[in-house]
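Enquirer: Coordinates for the following, if possible.
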Amino acid sequence: MDTPIIRLIEKKDNSQIAKVIRSVLEDFNVPKVGTAYADAALDCMFETYQKPNTVYFVVEENGKVIGGAGVAKLDNFDGNVCELQKMYFLPEARGRGVGMQMMEFCLTKAREFGFEKIYLETMEYMTHAQKLYKQAGFEYIESALGDTGHYSCPVHMLKTL
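Expert: Presented below is the predicted three-dimensional model:
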């Protein structure tokens with residue numbers, strides 16, 4: 001078995017990462033409305049992350065995309081804040097330190113882009129993800145920032161970079 005590698009998304013990854021994200025959301029019974037599941041960007045992730053100060057990474061193992069995460073300016077928010085976006089991993093990627101590695105890639109890029117804070121939204125029952133976020137220095141905040149369209153995600157977290 002190869003060691004998983006984290007790399008920038010390529011156009012050829014679009015269908016694989018869309019399947020990964022939808023699969024994870026289905027596994028966790030996440031609502032299909034008001035979450036990443038309904039995002040138009042899901043089927044064109046490479047194109048979505050070609051704008052300035054955006055990045056999306058995938059985790060690949062044995063030629064298969066097994067996860068990903070990205071950073072982009074927080075939508076509909078007046079401030080120098082980015083969002084950790086679409087961080088999802090298939091079961092075979094979990095519990096191996098890949099999530100923390102991915103987090104470091106994203107935080108490094110967010111700092112390079114000059115953002116002051118990084119925000120995320122998640123589901124209350126995604127406790128393993130929240131543990132990772134807390135280990136990375138995210139703190140819970142009372143309400144949503146901006147308007148991501150993910151109104152079904154009740155947990156909001158923020159980290160100063």
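Enquirer: where do the helices sit along the chain?
Expert: 14-27, 45-48, 98-112, 127-135 (DSSP state H).
Enquirer: buried set for stretch 112-125?
Expert: Residues of stretch 112-125 classed as buried: 113, 115, 117-123 (neighbour count, 16 or more other CB atoms under 10 Å). Using the backbone N, CA and C atoms, a C-beta is placed for each residue, glycine as well.
Enquirer: who's in contact with the closest residue to Ile5 other than its chain neighbours?
Expert: Closest residue to Ile5 apart from its sequence neighbours, by CB to CB, 6 or more residues apart in numbering: Glu60 at 5.4 Å. Glu60 makes contacts with 4-5, 7, 66, as judged by CB atoms under 8 Å, 6 or more residues apart in numbering.
Enquirer: try Pro4
Expert: Taking CB under 8 Å, 6+ apart, one finds 59-61, 66, 93, 96, 98 in contact with Pro4.
Enquirer: Could you do Ile17 as well?
Expert: 9, 45, 56, 58, 65, 68.
Enquirer: What of Ala136?
Expert: Applying CB under 8 Å, 6+ apart, the residues near Ala136 are 100, 103, 107, 159.
Enquirer: May I have the phi/psi pair for Phe115?
Expert: Phi and psi for Phe115, reported as degrees, to the nearest 10, are phi -70, psi 150.
Enquirer: For this protein, which segments count as strands?
Expert: Using DSSP state E, the strands found in the chain span residues 5-8, 55-61, 64-73, 81-89, 117-122, 139-141, 155-160.
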